[in-house]
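Participant: my questions are about this predicted structure, shown below with the sequence.
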Amino acid sequence: MAQIKSKKQYDAIMARINELFFATDSNTPKEDKRLLELDALSAMIEEYEREHYPIQTPSLSDTILARMNERNYTQKELASFLGISAPRLCDIIGGKKSPTYNQARIISLKLNIDPSIVLAL
């Protein structure tokens, strides 16, 4: 498969994908040349973005703060919900201390955070 070699090429292909996306819909036959081109270009873009714009695993701190925000908890309320002391939670969020195994399990389960994030794997 061809590779994207420059940002200019990337931008041109993204523009073409945009055209093809709006020129097709769920009723377009799978053999349609526009859909085939869209699939091929999308694969090229995916490969380019994986190399040039990698998505990093979020930090435990960022993830806990996001969950806190989603649930409109204060840090003290979150500590109470998790059964962790407020100072300990502050240290975990601040990156000064890692959660114990039991705390990691509780954080993962109660906040629905992937264990690999909680355990920094």
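Facilitator: Nice, thanks for sending it over.

Participant: what residues sit buried inside the helix or strand containing Leu38?
Facilitator: Using DSSP states H and E, the element containing Leu38 is helix 33-52. Using 16 or more other Cβ atoms under 10 Å as the test for burial, helix 33-52 gives Leu38, Leu41, Met44, Ile45, Tyr48. To be clear about C-beta, it is placed using only N, CA and C from the backbone, and glycine gets the same treatment.

Participant: so what touches that helix?
Facilitator: For helix 33-52, contacts defined as Cβ atoms under 8 Å, 6 or more residues apart in numbering pick out 1-4, 10, 13-14, 16-17, 20-21, 23-24, 28-29.

Participant: how far away is Asn27 from Thr74?
Facilitator: 50 Å (Cβ to Cβ, to the nearest Å).

Participant: next: Pro29.
Facilitator: Applying Cβ to Cβ to Pro29 and Thr74 gives a distance of 55 Å.

Participant: in the helix-or-strand element of the chain with minimal mean pLDDT, what's buried?
Facilitator: Lowest on mean pLDDT, DSSP states H and E among the helices and strands of the chain sits helix 115-118, with a mean of 90. Using 16+ other Cβ under 10 Å as the test for burial, helix 115-118 gives Ile117, Val118.

Participant: all helices of this structure, in order?
Facilitator: In the chain, the helices defined using DSSP state H lie at 7-23, 33-52, 60-70, 75-82, 86-94, 101-111, 115-118.

Participant: can you list the domains in this protein?
Facilitator: What automatic domain parsing lists as the domains of the chain is 7-52, 60-118.

Participant: what is the end-to-end distance of the shortest one?
Facilitator: Criterion Cα to Cα, to the nearest Å; first-to-last residue distance in domain 7-52 is 10 Å.

Participant: on that earlier part again, looking at Asn27 and Thr74, which has the bigger crowd around it?
Facilitator: More crowded of Asn27 and Thr74, by other Cβ atoms under 10 Å: Thr74, with 10 against 5.

Participant: show me what contacts the spatially closest residue to Thr74 that is not a sequence neighbour?
Facilitator: Nearest residue to Thr74, sequence neighbours excluded (Cβ to Cβ, 6 or more residues apart in numbering): Met68, at 7.8 Å. Contact analysis of Met68 by Cβ under 8 Å, 6+ apart lists Thr74, Gln75, Leu78.
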